[in-house]
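Chemist: Just need the structure, nothing else, for what follows:
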Amino acid sequence: MSNAHPNRRAALALPSKGKHVLLSTAALILGFALPVLAVAAFGNADDARSEGALALAPLPQIETLAPLDDETLDTPDLLAGDVPEGVNPTDSIQSVESEAPTATSDTPQPKRINITPNVRALPKAPISGLTRQSAFGPVPSRSAGNALAAYKKSFRRQAGKKPVSLIIGGLGINRSLTQNAIQSLPADVTLSFAAHSVGLQDWIDMARSDGHEVLIEIPMESANFDPLEPGADRALRLTVPPAENGRRLDWMLSRAQGYAGLINFNGDSFLTRADAAAPFMDRLAQTGLGFITDGAFETPSLRALASSVRQPFKTGHGLIDPDPIARVISARLSGLSQTAASGSHPVGVGFAYPETISEAQTWIATLDSQGLQLAPATAALN
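Modeler: Below is the predicted model:
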């Protein structure tokens with residue numbers, strides 16, 4: 001019987017460690033030597049030398065054109081041609097020819113763009129030398145200068161055209177309506193602002209920068225006078241002495257500069273009474289401003305009173321929007337056109353209702369075909 005343990009495996013004979021090392025070293029030496037021997041036996045040593053020269057033809061020059069000089073580009077020239085008033089907001093940008101001598105070569109010359117002031121803008125207020133000092137601040141004074149001449153918009157009548165004017169008022173109270181009137185109406189529409197409105201000088205500056213001449217509205221007592229209405233505490237009234245009405249007028253005139261004249265707000269009681277209207281007209285004549293009524297009521301004595309103190313004056317043709325209804329406004333504007341066709345230069349007056357602005361724009365677009373010309377309201381003063 002054998003003495004071997006049944007679970008013990010037979011021992012294996014393994015190579016010695018020294019033989020493994022010698023075999024590995026020999027394999028490495030042979031791997032490096034074989035490529036070298038192959039190149040030496042079969043290769044060309046000159047192939048490994050980076051020598052010689054290669055002649056290349058010169059590249060053609062490429063002509064580059066700036067976008068403004070390349071006349072083959074099919075792109076519009078936004079600066080070319082005449083731009084209708086009020087259509088292109090970049091109407092203050094003008095393209096002008098270079099002042100440099102004309103180049104003898106065919107090389108296109110660069111364009112130059114000059115930024116010029118808005119040609120529609122009226123002179124910025126205040127203009128010096130037109131005021132006196134009141135208890136409330138500077139107010140226009142005829143003895144100091146002619147505010148009407150300084151602040152009115154100039155007017156040149158076109159041959160064969162008869163003038164007609166439009167005043168849009170009630171401005172300065174509602175911001176969005178005021179901005180819309182200033183920006184959407186042609187510059188020859190005269191704008192009037194409530195004398196008590198907040199930021200009156202800013203509104204006047206904005207309107208004049210867009211080319212509109214400006215009036216301010218003087219509140220006056222009416223048959224339905226409401227003493228709680230905004231601005232009523234400064235209104236010209238029948239029960240107030242003329243001196244106090246003069247002080248109230250000074251307060252309203254001192255709130256801003258840049259207006260060419262005044263227009264009434266209400267006043268069917270005040271202006272129809274000669275005993276109240278006469279002192280007012282005398283005080284107004286000392287300001288050097290113009291005066292236009294809205295024509296909503298009869299004022300039989302005003303023309304004579306104005307003439308007696310040499311006050312520039314015009315009775316308006318009436319309200320174009322006694323009700324803010326489109327068909328009513330359109331009919332009133334048609335009547336204004338008919339009166340203008342007779343050659344009397346009427347002045348229509350409206351408020352900044354959206355319906356009034358829309359109908360006024362439509363009406364203005366028809367004036368040329370009717371042989372009429374829109375004129376600033378001061379051009380109608382007598």
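
Chemist: so what's the residue nearest to Met281 when sequence neighbours are not counted up against?
Modeler: Leaving aside its chain neighbours, Met281 sits nearest to Leu305 (4.5 Å; criterion: Cβ to Cβ, 6 or more residues apart in numbering). C-betas here are computed from N, CA, C, even on glycine. Shown in contact with Leu305 (Cβ atoms under 8 Å, 6 or more residues apart in numbering): 274, 277-278, 281, 311.

Chemist: Looking at the residues you listed, which are in helices?
Modeler: Among those, the ones falling in helices (DSSP state H) are 274, 277-278, 281.

Chemist: Select only the buried ones of those residues in ChimeraX?
Modeler: Written as a ChimeraX command, the selection of buried residues from the ones in helices among the contacts of Leu305, which uses 16 or more other Cβ atoms under 10 Å, is:
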select :277,278,281
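
Chemist: which of the ones in helices among the contacts of Leu305 lies closest to Gly290?
Modeler: Met281 (12.4 Å; Cβ to Cβ).

Chemist: Tell me the confidence at that closest one?
Modeler: Residue-level confidence at Met281 comes out at 98, pLDDT.

Chemist: if I look at it, how far off is Ala121?
Modeler: As judged by Cβ to Cβ, to the nearest Å, Met281 and Ala121 stand 32 Å apart.

Chemist: again, but for Ala194
Modeler: Applying Cβ to Cβ to Ala194 and Ala121 gives a distance of 23 Å.

Chemist: When those two are compared, which one has more neighbours?
Modeler: Ala194 (22 against 15; other Cβ atoms under 10 Å).

Chemist: show me what contacts that one?
Modeler: Contacts of Ala194 by Cβ under 8 Å, 6+ apart are 170-173, 200, 216-217, 219, 231, 265.

Chemist: how about those residues in a markdown table, adding neighbour count, pLDDT and secondary structure?
Modeler: A markdown table is the format used below for those (neighbours: other Cβ atoms under 10 Å; pLDDT from 0 to 100; DSSP: H, G, I helix; E, B strand; the rest coil):
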| residue | neighbour count | pLDDT | secondary structure |
| --- | --- | --- | --- |
| Gly170 | 21 | 97 | strand |
| Leu171 | 28 | 98 | strand |
| Gly172 | 26 | 98 | coil |
| Ile173 | 16 | 96 | coil |
| Leu200 | 22 | 98 | helix |
| Ile216 | 28 | 98 | strand |
| Glu217 | 25 | 98 | strand |
| Pro219 | 25 | 98 | strand |
| Gly231 | 16 | 92 | coil |
| Phe265 | 22 | 97 | strand |
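
Chemist: Of those residues, which is the nearest to Leu381?
Modeler: Ile216 (15.6 Å).

Chemist: Buried residues of stretch 322-329, list them for me.
Modeler: Ile329.

Chemist: ok, so what distance separates the closest residue in space to Ser330 that isn't next to it in sequence from Arg332?
Modeler: Excluding the flanking residues, the one nearest Ser330 by Cβ to Cβ, 6+ apart is Glu359, at 5.3 Å. Separation of Glu359 from Arg332 (Cβ to Cβ): 9 Å.

Chemist: Which of these two has more residues huddled nearby?
Modeler: Glu359 (24 against 21).

Chemist: Surely the more buried one is within a helix?
Modeler: Yes. According to DSSP: H, G, I helix; E, B strand; the rest coil, Glu359 belongs to a helix.

Chemist: if we can go back for a sec, helix, strand or coil for the residue nearest to Met281?
Modeler: helix.

Chemist: Likewise for Gly348?
Modeler: Judged by three-state DSSP, the three-state class of Gly348 is strand.

Chemist: what residues are up against it?
Modeler: If you count contacts by Cβ under 8 Å, 6+ apart, then Gly348 has 164-167, 316-320, 332-333, 336 around it.

Chemist: now Lys161
Modeler: 368, 371-373.

Chemist: And the pLDDT at it?
Modeler: We have a pLDDT of 97 for Lys161.

Chemist: how much space between it and Phe280?
Modeler: Distance from Lys161 to Phe280, by Cβ to Cβ: 35 Å.

Chemist: count of residues packed around Gly343?
Modeler: There are 8 residues near Gly343, going by other Cβ under 10 Å.

Chemist: That one: what secondary structure?
Modeler: Using three-state DSSP, the structure places Gly343 in coil.

Chemist: Going by residue numbers, what spans are strands in the stretch 251-382 of the chain?
Modeler: 261-266, 290-293, 313-315, 318-319, 347-351, 372-374 (DSSP state E, counting those that start in this stretch).

Chemist: Let me have those strands in JSON lines, extended by distance to Pro138.
Modeler: Output for the strands of the stretch 251-382 of the chain, formatted as JSON lines (distance: least, Cβ to Cβ, whole Å):
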{"stretch": "strand 261-266", "distance to Pro138": "16"}
{"stretch": "strand 290-293", "distance to Pro138": "19"}
{"stretch": "strand 313-315", "distance to Pro138": "24"}
{"stretch": "strand 318-319", "distance to Pro138": "32"}
{"stretch": "strand 347-351", "distance to Pro138": "28"}
{"stretch": "strand 372-374", "distance to Pro138": "32"}
